[in-house]
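Colleague: got a structure for you, letters missing:
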């Protein structure tokens, strides 16, 4: 297994310099400070709010008139009518837990030499080392999945040199008490936090009525020492002259489900955190660390990636980014970014946790950008593009749980907003599984809020999981029920246009606008993305009925409706149209490429099956250009890879590695990478990290109608290397070796084979390979 680590010669100066640790539930950002260490903490259920119906009860009654306006082409009036009558309230916000501070009174920053800090992706462990006044000091930290705790060890080369004061600070309402060798933190989350993009007098609300109170939580920071003294001082713990110290932090909240009051019907969070603390057993650091590394590597080491010219590893990561901007030559950074995305998914999304949000599980702001919520018009789905192909299928589970819970809240939204059956959701959701369109009555919100396609998109993840695993029980019990509910909703809301096609009117193309007769419009009759998602849901629904031998009457309804759906259109410039007509782009280089959904992440448009449409997608990408926000660059990497343009995909990887220093917002371009390799929208959004990883996997392995395609978009510069452990659909794991840009060897492993034969394509040849008892199929040169 190749070594994968980020390392630096100085402490973090800002949050996006610090290094992320996590176990899916607890997140920690370690700064590696010299005279003061900061550990910024998160817990994945610390959100504002409580269960609350935010739907607009009059919306369904307004829908027929909205449709009339859409069919009449009165789009300005339509947008204002929707904003006045058909939107609901905003989501709640993901919150920071707080910060642990370790102040070292006897360490002078002026005398520091040999400073070093790292994040080892192979072991999910951070490490800091430096020398002051002739004493070398060390810190090592990780977040244990089994122990459900942040754990840090502090020691020095000489005995009696560990001294510090431990304190806690938070932007939430908290109280901290010292109890023996522990800091016990009691906290309460707000009842509501307004999105950061809204300006209002009261943006953070703590209600007094018990039924409106927010989530409670308790955190316990415990210190054990060898040698020296440990005592309390006010609301801090003081360590003096110890040989070593072990710091553990555990936390639990009262969150007890999306539909239960966290204050009146919450979990026994105090009992749970007390048990967590007791289970850690004091200072058994080595035991917990060994267990942590084993658990992490069981997931992380499934995939190994190597590219020739392993240069740059002796250069600090931030200096490598700066150097890369000049030379564009450090292929090891591609490998590091690939494995970093896998690392971040492992540490932010594990079985039993919440799904990864806009920032994974790491957030320091009380009013985070876009509430650090679930943004369902690309970002949440993008978080999980890598899960199956990059051999982290278990990490997909929290998203499936979110989908299952949206089935309940989304059914209410379908009824109240559309008078429809089935399930729908819009562009935002949160811990409480809000499904309604946001916006209240604010002007301009239609472009992003009035978009009822996210639940259909989420269903793609369910069917994709089945395709990769062939888990028939999952298809029957989890995937098909949700897919059917999405199909039921679309059947109810589709209406015939003047040509007899069934369309979903009115429609938007996420966050984009167009020009007509010199005016800008944010809504139309229908859009390409809307059509693509409906087509995909109907297709997968029919496949489920066939595989499960069920619901044949319902299948016929879906098939009849599918036959009446409009097909994709090509515009005058040869591009795939985004809207129902060939309107002028208001912003030609807009960050969203929603109309390319059927190319990627969908698979309806391919070079082989639909070459004209594939070329139209290519033209649309050329018009959009290669600039963009961080996550937008990530989406484009995947689309160019799907078009088998490896060199272009690599050029976008290079753009994504553009060093970004500022944490300020940039809504249109300026995307890249922070010092700690977090994706810069900017600000930080984790989806770009995940998309880059998925894109590299797409460059190396694709699936086309049951055929495994090897090295479909290998860049010319990637001459020699290997990838081991990528997953293909059908329960197959693939190892690939390549030299001089050509495949040398391919070995196929089975998790649990359901077919005896697989079909493999490389360059212009296709091979049928058979699995035999005790022998895994293999391709080896010469195969061209």
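Modeller: Thanks, I have the structure now. The structure displayed is predicted, hence computed values, not measured ones. Residues are numbered from 1 along each chain as shown.
Colleague: what ranges do the strands span in the stretch 51-200 of the chain?
Modeller: For the stretch 51-200 of the chain, applying DSSP state E, counting those that start in this stretch gives strands covering 98-103, 113-120, 125-132, 135-144, 149-156, 162-169, 173-179, 182-188, 192-193.
Colleague: got any ranges where the stretch 301-450 of the chain has weak pLDDT?
Modeller: 310, 312 (pLDDT under 70).
Colleague: which residues of it fall in helices?
Modeller: 317-327, 331-348, 379-383, 386-389, 397-418, 446-449 (DSSP state H, counting those that start in this stretch).
Colleague: now the fifth one: how far from the chain's centre is it?
Modeller: Read that as helix 397-418. 19 Å (CA atoms, centre = their mean, to the nearest Å).
Colleague: Quick check: which of the helices of the stretch 301-450 of the chain is nearest to residue 644?
Modeller: Taking CB to CB, helix 386-389 is the member of the helices of the stretch 301-450 of the chain nearest to residue 644, at 16.2 Å. C-betas here are computed from N, CA, C, even on glycine.
Colleague: list the helices and strands that closest one packs on?
Modeller: With contacts taken as 3 or more CB pairs under 8 Å, 6 or more residues apart in numbering; DSSP states H and E, helix 386-389 sits against helix 331-348, helix 454-469, helix 687-700, strand 721-728.
Colleague: helices and strands around the longest one, which ones?
Modeller: Identification of packing neighbours for helix 331-348 by 3+ CB pairs under 8 Å, 6+ apart yields strand 19-22, helix 285-300, strand 304-307, helix 317-327, helix 386-389, helix 646-656, helix 687-700.
Colleague: worst average pLDDT in those?
Modeller: Ranked by mean pLDDT, the helices and strands packed on helix 331-348 end with helix 317-327 in last place, scoring a mean of 92.
Colleague: the inter-axis angle of it versus strand 113-120?
Modeller: 80 degrees (axes from the mean of the first three to the mean of the last three CA atoms, to 10 degrees).
Colleague: relative orientation of helix 317-327 and helix 331-348 in degrees?
Modeller: 140 degrees.
Colleague: got the buried residues for helix 317-327?
Modeller: Of the residues in helix 317-327, those buried by neighbour count under the rule 16 or more other CB atoms under 10 Å are 317-318, 320-321, 323-324.
Colleague: Same check on stretch 739-747?
Modeller: For stretch 739-747, by 16+ other CB under 10 Å, it's 742-744, 746.
Colleague: now that stretch, how far from the centre of its chain.
Modeller: 32 Å.
Colleague: now it: mean pLDDT?
Modeller: Mean predicted confidence for stretch 739-747 is 95.
Colleague: got it, and stretch 244-251?
Modeller: For stretch 244-251, the per-residue pLDDT averages 97.
Colleague: What residues of it count as buried?
Modeller: For stretch 244-251, using 16+ other CB under 10 Å, the buried residues are 244-251.
Colleague: Show me the shaky parts of this protein.
Modeller: In the chain, residues with pLDDT under 70: 282-283, 310, 312, 663, 666-669, 751-755, 773-774, 781-784.
Colleague: re the thing from before, export the buried residues of stretch 739-747 as CSV, with columns for secondary structure and distance to residue 174.
Modeller: Shown next, in CSV, are the buried residues of stretch 739-747 (DSSP: H, G, I helix; E, B strand; the rest coil; distance: CB to CB, whole Å):
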residue, secondary structure, distance to residue 174
742, strand, 60
743, strand, 57
744, strand, 58
746, strand, 55
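Colleague: looking at this, residue 540 is in a helix?
Modeller: Yes: according to DSSP: H, G, I helix; E, B strand; the rest coil, residue 540 belongs to a helix.
Colleague: Just give me the neighbour total for residue 202.
Modeller: Residues within reach of residue 202, counting by other CB atoms under 10 Å, total 7.
Colleague: and if you look at residue 200?
Modeller: 7.
Colleague: doesn't residue 194 make contact with it?
Modeller: Yes: between residue 200 and residue 194 there is a contact at 5.5 Å, judged by CB atoms under 8 Å.
Colleague: rewinding a little: for the buried residues of helix 317-327, which one is nearest residue 360?
Modeller: Out of the buried residues of helix 317-327, the member with the shortest distance to residue 360 (by CB to CB) is residue 317, at 18.7 Å.
Colleague: got the buried residues for stretch 211-222?
Modeller: 212-222.
Colleague: burial of residue 607, as a residue count?
Modeller: Residue 607: 17 neighbours (other CB under 10 Å).
Colleague: swap that for residue 5, please
Modeller: When neighbours are counted by other CB under 10 Å, residue 5 registers 16.
Colleague: follow-up on the earlier one: so which of the strands of the stretch 51-200 of the chain gets nearest residue 501?
Modeller: strand 192-193 (42.4 Å).
Colleague: Can you check which of the helices of the stretch 301-450 of the chain gets nearest to residue 17?
Modeller: Of all these, helix 317-327 comes closest under CB to CB, at 7.8 Å.
Colleague: what's the angle from the closest one to helix 646-656?
Modeller: 130 degrees.
Colleague: I'd like the distance from helix 317-327 to the chain centre, please.
Modeller: 26 Å.
Colleague: quick one: contacts of it?
Modeller: If you take CB atoms under 8 Å, 6 or more residues apart in numbering as the criterion, helix 317-327 is touched by 6-8, 17, 312, 315, 330, 333, 336, 654, 657-659, 673, 675-677.
Colleague: hey, which of the helices and strands packed on helix 386-389 is tucked in deepest?
Modeller: Greatest average neighbour count among these goes to helix 687-700 (a mean of 29), per mean count of other CB atoms under 10 Å.
Colleague: by contact count, what packs against it?
Modeller: Helices and strands touching helix 687-700, by 3+ CB pairs under 8 Å, 6+ apart, are helix 331-348, helix 379-383, helix 386-389, helix 630-642, helix 646-656, strand 679-680, strand 721-728.
Colleague: The fourth one vs helix 687-700, what angle?
Modeller: Taking the same axes, to 10 degrees, one finds that helix 630-642 is oriented at 10 degrees with respect to helix 687-700.
Colleague: thinking again about what came up before, and the helices and strands packed on helix 331-348: which comes nearest residue 438?
Modeller: Closest among these, using CB to CB: helix 687-700, at 19.1 Å.
Colleague: what's the offset of the following helix or strand past the closest one from the middle of its chain?
Modeller: The helix or strand immediately downstream of helix 687-700 is strand 701-704, counting by DSSP states H and E. With CA atoms, centre = their mean as the basis, strand 701-704 stands 22 Å off its chain's centre.
Colleague: Check stretch 338-355 too.
Modeller: Stretch 338-355 has its C-alpha centroid displaced from the chain centroid by 8 Å (CA atoms, centre = their mean).
Colleague: picking that back up, pick out whichever of the buried residues of stretch 211-222 sits closest to residue 559.
Modeller: Among the buried residues of stretch 211-222, and counting by CB to CB, the member closest to residue 559 is residue 215, at 45.7 Å.
Colleague: quick one, what contacts that closest one?
Modeller: Taking CB under 8 Å, 6+ apart as the definition, contacts of residue 215 comprise 45-47, 50, 188-189, 253-255, 262-263, 266.
Colleague: chain center to stretch 201-221: distance?
Modeller: The answer for stretch 201-221 is 27 Å, by CA atoms, centre = their mean.
Colleague: distance between the ends of it?
Modeller: End-to-end distance for stretch 201-221: 35 Å, by CA to CA, to the nearest Å.
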